[in-house]
Structure formats: C-alpha cells, structure tokens
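S.K.: okay, predicted coordinates and the sequence, questions at the end:
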Amino acid sequence: MLLVALLFSVAAPSVAPIASAPVASTGTTGTGTGTNGTAPASGDPTVVACEQVQRNPTGEGPDYRVVRGGCSIDLSDGEILSNVRFKARGAEIDVRASGSGWTIRNVAITGHGAPDDSPLDLRVESRDGVGLVRNVWASDLDSNAVFVHATHRGTIRFDEVTFLRVGEDGAYASRPGNPSRVTPQRGGGGIVGFDQAYVKNVGTGPKAGYGVRLGSDGSYLTNSTVVSSTGPAVANTFAGGKHPNQHPDAFEGVLVRDVSIVTEGIGIRLNNHQDDLAPRRRWTSITHLRNVRIDAGQPIQRNEAGGVDPVINGTYGTNPDPSPPPGAPRSPELAASGIGGGTGSIGGPVDTGPVDGIGTAVGIVILTALIVVGALALVYRLATD
C-alpha cells in the first residue's frame, strides 16, 4: 500500500492553471439581491455636481448620486468610485483610472457624447497591481465603452458589466498585447478579463464596432453574451505567447469560455485585421475555446500574420443563448444602486480552470497506468515472499 500511496503522490497530472486576478479592493461589499433585483425604495436619488462625487465612500446601499452633464474623475492607487449614475445628455464623461488597487463599482453611464474618448479610460501600471470594474452599466454612447491603454501592465477584472448601444467597441482592450515597437505602440502585456458581461448593439456609429476586443496573453471572456455587433463580436488580435512584456502570471493566448455569440457579421476574429497586409509581422494568436456557441454570418475569421495561421484550441457549437448572464446589471438604476449584479458582493478570483483540458485527460491515463503497475508489483511481492 505504501507503493500505491507513493505513486499517487508523484503521478498527479501537472496542468498549468489559467492565471486569475485577486480582488482589487478589500472595501465594503456590494448589496445585490439576485438576478434582477428590485428598484431602490428610498426615494429619488440625490443630484450632485461632478466635484461633489466622493471617492472611497464609507458605506454602500440602494442610495446613489446622479451627475447630470459632463464630468471628469481621476482615480489613483487604492481609490474607489461607487454608487453613481452619470447622465451625460450628450456631454463627455471621463473616468480615468491608473496606478493600482483602484475599484469602479455600482456605476452607470448613459448619453456620453464624445466619439473620440471612452468614458472608462483604464490602466494598471504596476506588474502585480489589480484594478476592478464591477456591476457597471454603459449605454447610448458615441464611443467605445471601455478603453484599456497600451501601457497597462497589471490585471484589470471586469465582473458583471452591461454595454448597450455603443458607437464603436464595447471594450477596446487589445492594445496591451501589441508586440510591435511602432504600430502604434508596444503594449505593456497586462491581463484583461471579463466575467458575466452582456454586450449588445455595438458599432452604432460610423465605425464598425467590436464587442470585446482582447489581445494580451492571459486575458479572458467567460460566462458572457455578445449580441449584434457590426464588427467582430469577439477578437484576439495579438495574444500568442510571444510578447516581450508578457505578464508573468499569464497563460499563452486568450480564453473564451461559456460564451454565447449572436451576430450577422463575424463571431470571433483571430489576429489583427491588418496582419494579412503586413508580411513583416510574424506573430500569431492562440485562442482557447471552451463551450462557445455561435450564430453568425461568419463564425470564425482567421487572418494570417506573416504567413502564419492563428491557432485555435477547442471548437465551437451552435444554438447560443442571447439572454444576459445572471450577474449582468439590467438597468442603469439597478447598477448604480448596487442591485444590478447577481452575486451581491465582491467575490474571489474567477475560476478559469486549466487551459488545456487534454493535459488533464493524459494525466489521468498516466495516473491510472501507474496505479495498475504498482498494484501488480505489490501482488508479485506478496506472492514471492
């Protein structure tokens, strides 16, 4: 029996897990009540000027503040923005977060009218730093809902977000993975992850809009739905394990898992759409598909990178579910009140599982074979004693 126990201890399969980010803040948790929640019962929200919006609030509940018109807010290390509804009415909303440990939660943005500037402009500058965007609604925008800077080096987690009727991209988050020195800027290699995202009707402006555009190793889209994008619903433009600034906790490529895609255009684009026109670009992307369902005019678009085809690990199915994930906020009011999400609190890391399920299967086969060999050896020893 000692031999069998020893074999169990040394033969366990080794599968590299997908890196997932820790919680960005240890502040007060949210107050969600389930899938759809109920409207706040404490009366009309208070209207405040932009400069009256508080950072690092001491408590949370169904009450929130409303800012009408334009507003610009900067968040830095450890700061929190929560329980605010921005009603831009065609003006510009500019929430800029940099540094590390910042949190944006229970926030709604509607009516942003600046086509060249995203209302959420984000980066984490330290390699081991984390930023968290949770229970956020953005709709009726003339621009991208989210822009992640090329200089992003840490990890940004988007948990339970809704982006509707967006002029360009739902999330333009591929720049950190750009390996080029010139076109337009080499990225910092930071990880960007989305869990329980609902993205619908993007690209309503003059430019074709991506649903979620990723490009850095270790990035992921899980438990999410993307519907009706004029551009690709999901894209991995760069990530393939060759970036000189790859995050040390990142796996190679991008993970798309438990995702439904419904669009008349492209379901998933692999590699930058310009790669086939730039033969000197020798990188190629790696994309891991797990339980992905697509109904699209072109389910997968592959673009060469210097004559090299992108790599897909896994396959996709059909019959996607176009409904929102249970945690995505259902309205701006519910998002700002902290009731829009389904989990009710800021939880732990997203369990993204092993990158390569084949590795797990092989490990099980090897383990079983070693156990059989060990048992036979034990029987032989007992028989010959």
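M.R.: That came in fine, so what should we check first?

S.K.: report how many residues lie close to Thr284.
M.R.: Thr284 has 23 neighbours, counted by other CB atoms under 10 Å. Placement of C-beta: from N, CA and C, glycine included.

S.K.: hmm, Gly253 and it touching each other?
M.R.: No: Thr284 lies out of contact with Gly253 (CB atoms under 8 Å); the separation is 10.0 Å.

S.K.: where do the contact lists of the two overlap?
M.R.: Gly240, Val311 (CB atoms under 8 Å, 6 or more residues apart in numbering).

S.K.: tell me the contacts of Ile312?
M.R.: The contact partners of Ile312, taken as CB under 8 Å, 6+ apart, are Leu270, Thr287, Leu289, Ile300.

S.K.: recalculate using a threshold of 10 Å.
M.R.: Asn236, Gly253, Val256, Ile268, Leu270, Ser285, Ile286, Thr287, His288, Leu289, Ile300, Arg302 (CB atoms under 10 Å, 6 or more residues apart in numbering).

S.K.: could you turn the buried ones of those into a PyMOL selection?
M.R.: Per 16 or more other CB atoms under 10 Å, the buried members of the contacts of Ile312 correspond to this PyMOL selection:
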select buried, resi 236+253+256+268+270+285+286+287+288+289+300
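
S.K.: got the CA positions of stretch 152-171 in CSV?
M.R.: Taking C-alpha atoms only, stretch 152-171 is exported to CSV below (Å, rounded to 0.1, in the frame of the first residue of the first chain):
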residue,chain,number,x,y,z
HIS,A,152,-1.4,48.6,-19.0
ARG,A,153,1.0,46.2,-17.2
GLY,A,154,-1.0,44.6,-14.3
THR,A,155,-4.5,43.0,-14.3
ILE,A,156,-8.0,44.5,-14.8
ARG,A,157,-11.1,42.5,-14.0
PHE,A,158,-14.5,43.3,-15.3
ASP,A,159,-17.1,41.4,-13.3
GLU,A,160,-20.8,41.8,-14.1
VAL,A,161,-21.0,44.6,-16.8
THR,A,162,-23.5,45.6,-19.4
PHE,A,163,-22.7,47.7,-22.5
LEU,A,164,-25.6,48.6,-24.8
ARG,A,165,-25.9,50.8,-27.9
VAL,A,166,-22.3,51.7,-28.2
GLY,A,167,-20.9,53.9,-31.0
GLU,A,168,-17.8,51.8,-31.5
ASP,A,169,-16.4,48.9,-29.4
GLY,A,170,-17.9,47.6,-26.2
ALA,A,171,-14.4,47.1,-24.9
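
S.K.: switch to numbering from 288
M.R.: Sure, I'll start numbering at 288, so the last one becomes stretch 439-458.

S.K.: closest one to Pro493 out of the contacts of Ile599, please.
M.R.: In terms of CB to CB, no member of the contacts of Ile599 lies closer to Pro493 than Ile555, at 23.7 Å.

S.K.: so for the closest one, what's the pLDDT?
M.R.: On the pLDDT scale, Ile555 is placed at 97.

S.K.: name the nearest residue to it, ignoring sequence neighbours.
M.R.: Val521 (4.8 Å; CB to CB, 6 or more residues apart in numbering).

S.K.: by contact count, what packs against the helix or strand that contains Tyr485?
M.R.: Using DSSP states H and E, Tyr485 falls within strand 478-489. Applying 3 or more CB pairs under 10 Å, 6 or more residues apart in numbering; DSSP states H and E, one finds that strand 478-489 contacts strand 417-428, strand 433-435, strand 442-453, strand 458-460, strand 499-501, strand 507-516, strand 541-557.

S.K.: now do the last one against strand 478-489, angle only.
M.R.: Think strand 541-557. Interaxial angle, strand 541-557 versus strand 478-489 (axes from the mean of the first three to the mean of the last three CA atoms, to 10 degrees): 50 degrees.

S.K.: partner strands of the very next helix or strand once past strand 541-557, with direction?
M.R.: Using DSSP H and E, the helix or strand that follows strand 541-557 in sequence is strand 573-589. Its sheet considered, strand 573-589 pairs with strand 541-557 (parallel), strand 598-600 (parallel), strand 603-604 (parallel) by DSSP bridges.

S.K.: strand 573-589 versus strand 507-516: what angle between them?
M.R.: Per the same axes, to 10 degrees, the angle that strand 573-589 makes with strand 507-516 is 20 degrees.

S.K.: quick one: strand 573-589 to chain centroid distance?
M.R.: 16 Å (CA atoms, centre = their mean, to the nearest Å).

S.K.: all set, thanks.
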